[in-house]
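Asks: A predicted structure for the sequence below; I have some questions about it.
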Amino acid sequence: MSQNNGHASQSSDGFIVVDGNELSFREGETVLQAAQRAGIEIPTLCYDERLTPAGACRMCLVEVEGSRLMQPSCAYKASPGLVVRTQTPRVERNRQFILSLHLADNVQDRDEAEDNNPSRLHALAEDYGTLGAWPRVERQRQERPEDTNPFIEFRADRCIACSLCTRYCDQVEAVSAITLAGRGAHTTISTADRLSLTDTTCELCGGCIDVCPTGAMTEKQALAYGKPERELEKVRTTCNFCGVGCQLDLNVDRQANRVVKVTSPPPGTTVNDGNLCVKGRFANDFVHHEERLTDPLIRGEDGQLHPATWDEALDRVVQGLQGVAERHGDDALAFISSSRCTGEENYLFQKMARAAFRTQNVHQCAAT
Amino acid sequence: MTNSIPEIRDADFLFVTGSNTTEAHPIIAMEMKRAVGRGAKLAVADPRAIWLTEIADWHMQLKPGSDVWLLNAMAHVILEEGLESRDWIEANTENFDSVVETVKRYPPEEAEKVTGVPAETIRQVARAYATTPKAGIYYTLGITEHTTGTDNVYALSNLVLMTGHLGVRSAGMNPLRGQNNVQGANDAGATPVFYPGYQRAEDPAVRDKFSRAWGVEQNPNPGLNLNDMMKAMGDGRLRGLYLMGEDIVISEPNVERVEEALNHMEFVVVQDIFFNESCRWADVVLPAACFAEKDGVFTNSDRRVQRVRKGVEPPGQARADWQILAEVMRRSGLEQPDYQDPGEVYAELASLAPKFGGISYQRLDTEGGLQWPVETPDAPSTEFLHKGGVLRGKGLFQAVEYRPPFESADPEYPLVLSTGRTLYHYNAATQTRRSEGLSQKQPESFVEIHPGNAFKMGVEDGQLVDVVSRRGRVRCRAMVSRQVRRGSIWMPFHFPESKTNYLTTDAGDAVTGTGEYKVCAARIEPVLEDAPRQVFPGSYASARS
Ligand code: SF4
Ligand code: SF4
Ligand code: FES
């Protein structure tokens, strides 16, 4: 079908054995991809199907027969006859070890960690367990508090240096605005000359927020709003800007009747493959803007527009249009609609022109 | 589009023309970047150096308005070198000979003189396009917003037809729609030429069908298109106007004439989410809900019908457009169903337009988007058109000759102005300019000018200037940049306080009436009593110069 991520052929190029199950794979696929397709779960932290694997987090290590060391399944290519085990005590212990290691260098408490975005790190720690709480590592990653960009906040104390954000920025958005800087426990995410994102090649797509597994990259405005994503309701809809038709999730605070932020659906599920641009993700201030029209207005004898009831306004519309038609004929009316309105609204609009006011003078404003 | 967006990444050759894709369609650009990352070849034909030209194998920096020359010269090369797809042409097309004759007169060496693109580049691109099976063409307003817009599209489609790059995954001809639901508005019949589903309004049988369906005899007089409407407002043929969701005072070319025409209207209704410029002429203003406050569908560039879902309630008394329209119709005395939700409206549309006959909210909710045509409830989504031949009969070659743009540079107006959109704003910017963040990134209007021209006119980067055309004068900042050709200038059209469309001409394409936003003659005058210069932070120019 069309909404997949471009895998046109379903053919198989051989079989591997994972936990005793024979799984088919296609040329070039990794052990992780073959396993995921078969519904075998291998936890990952630094993997994203849109990006080349970094093999950075070691969360996805599995045992591969014939290899003494465990191997990162996100980077290890499947080959015919390969035998893989994903559930041995050694594999499980490694996962707990990795999770403990990262948590020692992170916000410990899950609620606090998830003050805005959900944290895959904390979710995995709950699912797979840890080796107990380790002593807190002094935080050493450098921040960029002077970054005045309006949308994206980087919180170094939550970063696990998985490089998802920088790889996304390099490979998908292809502008390389952010990079890994420093070494070892000092590794952090920075920009050239530690500039504000708005002064770099950054296009404010927010993809770095979306891929971050810990909420280290986060939406400034939603953070200030102060309600975690898990308490918001996601409403799947279609972006109202360009003609790509990106699917996006409005994150809605029902009680307050507010769109708090916009997130993208997971990669591989929609036409935009998990990506959004700056307008789709961030240009939603207009929804709740104080200048929104809230009342029908009618021009009075004084030449000014005055608030009116719907009844008055709608009657006035009908009288006004019918009056013109009586004086000058039906074809003295013109109806201009907007490609910003829905299909149904455009349907009703042309029906209104053609059936209620009997003219073919109807066009949408963008003919292209 | 004949192809789907997800097919782009698998293309082996991309010909992008008149589309600043990274800014106007960033998500499609991501797919293009992905294809190039895989090794696909990229050719960009654009008067400006745009982001994509940095990763392109060829940048054909043609003079604005010389598209037909360039495209015909590419066809010339393909035919001269025998790279056309004879069998495919034979089986699927008509009128090939006319094009053979015409393009003989467009050799690349001559094209170089008119377009400024080196003949050798034209040859290379033509060869690469013709000989790569998965070769797609992507274009947008840069092709259509000309008096020769229709010719440009024919010239492109001649290339597609002679190479048979159609009906194949990742190969085809793909107009990228500028606005979210341009496709959907056309689909729904918001055009004087078509009833819903592209049923011709000039066809009496079609009008009969709708007369019966709606219970009102349909008016046989041909309707006016947008460009004609603007003129008819001026000469008194139109006296009443209903505007839904559009600000014609910002978005239409030759604003001054639009404003004057509005003065002649006896009755104007404006229905929108903000108090827009056109409201100044309104007798009634109706407050509408925005996309986050209503249900419905949008149809994107690749014919994909997708749901819009209500997340929040509209502010104050504002109502969804569909509710308002249903109510106006009811009060006008038209008998019609009492729609409870847009799903019922969609069902009515689908029942009258066979192309969408199989689409329902139920299917959209379970299957995600559906790409029309989907004629029956069990028909699948249509990923690409023209599979196994050209849709409905034969593809028609249309020979086109070069015609110069409506205006060209002259001693008084020595520069050629094109207009377009930027990444950070959207059309009249009623929405994007209300985002503090976006306004911070791109606070005000600017005009891009080549350093050579700037130097001659004594214009410095960041200085205030007046851009002047035969129709008007607009003040903004100069952005000195090698993105534009020498002799060309470029402005975005998003900013109400410097309305670019005071400058543009309303000379329209003969067929579509689309205004020539891409070419008009202009000059630049430095403003002397200037406030401090202000270079745009993070702009392409300041990042690179
Ligand atoms: S917002 Fe987009 S462009 Fe900017 S740093 Fe993040 S990924 Fe890169
Ligand atoms: S900011 Fe997030 S995505 Fe980027 S390296 Fe740190 S943890 Fe990974
Ligand atoms: S997911 Fe494989 S190493 Fe991180």
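Replies: That came through, no problem. Here the structure is a predicted model, which means the values were calculated and not measured. Ligands and ions are numbered 1, 2, ... in the order given.
Asks: check contacts around B:Arg523.
Replies: B:Glu412, B:Tyr413, B:Pro414, B:Leu415, B:Val467, B:Val468 (Cβ atoms under 8 Å, 6 or more residues apart in numbering or on different chains). C-beta here means a position set from N, CA and C on the backbone, and glycine is covered the same way.
Asks: and the residue nearest to B:Asp341 when sequence neighbours are not counted, how many neighbours?
Replies: Nearest residue to B:Asp341, sequence neighbours excluded (Cβ to Cβ, 6 or more residues apart in numbering or on different chains): B:Asp295, at 6.3 Å. B:Asp295 has 20 neighbours, counted by other Cβ atoms under 10 Å in any protein chain shown.
Asks: likewise A:Asp253?
Replies: 17.
Asks: for B:Glu277, same thing?
Replies: 21.
Asks: pretty sure it contacts B:Leu243?
Replies: No: taking Cβ atoms under 8 Å as the definition, B:Glu277 is not a contact partner of B:Leu243, at 10.9 Å.
Asks: quick one on the thing from earlier: check the contacts of B:Arg523 for burial and list the buried ones.
Replies: Those of those that meet the buried threshold are B:Tyr413, B:Leu415, B:Val467, B:Val468, by 16 or more other Cβ atoms under 10 Å in any protein chain shown.
Asks: Mind checking which of these are in helices?
Replies: Using DSSP state H, the subset of the buried ones among the contacts of B:Arg523 located in helices is empty.
Asks: Closest one of the residues you listed to ligand 1?
Replies: Nearest to ligand 1 among those, counting by Cβ to the nearest ligand atom, is B:Val467 at 30.9 Å.
Asks: Could you list the residues of chain A in contact with ligand 1?
Replies: Within reach of ligand 1 by Cβ under 6 Å from any ligand atom, chain A has these residues: A:152, A:168-169, A:173, A:175, A:177-178, A:197, A:202-208.
Asks: Buried only: go through those for me.
Replies: Burial by neighbour count, 16+ other Cβ under 10 Å: within the residues of chain A next to ligand 1 this picks out A:152, A:168-169, A:173, A:175, A:177-178, A:197, A:202-208.
Asks: For B:Ala188, give its distance to A:Val259.
Replies: 26 Å (Cβ to Cβ, to the nearest Å).
Asks: And those two? Which one has more around it.
Replies: Set B:Ala188 next to A:Val259 and count neighbours by other Cβ under 10 Å: B:Ala188 wins out with 33 against 21.
Asks: what pLDDT does that one get?
Replies: On pLDDT, B:Ala188 comes in at 93.
Asks: one step back: tell me who's in contact with the residue nearest to B:Asp341.
Replies: Going by Cβ under 8 Å, 6+ apart, B:Asp295 touches A:Thr342, B:Arg307, B:Val308, B:Arg309, B:Lys310, B:Ala320, B:Asp341, B:Pro342, B:Gly343.
Asks: On the three-state scheme, A:Phe335 is what?
Replies: On the three-state scheme (DSSP: H, G, I helix; E, B strand; the rest coil), A:Phe335 is labelled strand.
Asks: okay, now the domains of chain B?
Replies: Domain ranges of chain B: B:5-176, B:182-371, B:415-544, per automatic domain parsing.
Asks: In JSON lines, list those along with distance to ligand 3.
Replies: Shown next, in JSON lines, are these (distance: least, Cβ to the nearest ligand atom, whole Å):
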{"stretch": "domain B:5-176", "distance to ligand 3": "21"}
{"stretch": "domain B:182-371", "distance to ligand 3": "28"}
{"stretch": "domain B:415-544", "distance to ligand 3": "32"}
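Asks: Return the residues of the stretch 51-200 of chain A in contact with chain B.
Replies: Applying Cβ under 8 Å from any Cβ of the partner chain, we find that the stretch 51-200 of chain A lies next to chain B at A:Asn149, A:Pro150, A:Phe151, A:Gln171, A:Val172, A:Glu173, A:Ala174, A:Thr198, A:Asp199, A:Thr200.
Asks: Closest one to ligand 1 out of those, please.
Replies: For these, the nearest to ligand 1 is A:Glu173 (4.4 Å; Cβ to the nearest ligand atom).
Asks: Spit out the contact partners of the residue lying closest to that closest one once chain neighbours are set aside.
Replies: Excluding its sequence neighbours, the residue lying closest to A:Glu173 (Cβ to Cβ, 6+ apart) is A:Cys205, at 5.2 Å. A:Cys205 is in contact with A:Glu173, A:Asn275, A:Leu276, A:Cys277, A:Val278, A:Arg281, B:Pro26, counting by Cβ under 8 Å, 6+ apart.
Asks: where exactly do the strands run in the stretch 201-350 of chain B?
Replies: Ranges of strands within the stretch 201-350 of chain B are B:240-244, B:267-272, B:284-287, B:296-299, B:304-308, based on DSSP state E, counting those that start in this stretch.
Asks: TSV please, covering those strands and showing mean pLDDT and distance to B:Trp51.
Replies: Shown next, in TSV, are the strands of the stretch 201-350 of chain B (pLDDT from 0 to 100; distance: least, Cβ to Cβ, whole Å):
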stretch	mean pLDDT	distance to B:Trp51
strand B:240-244	96	34
strand B:267-272	96	32
strand B:284-287	96	38
strand B:296-299	94	26
strand B:304-308	93	25
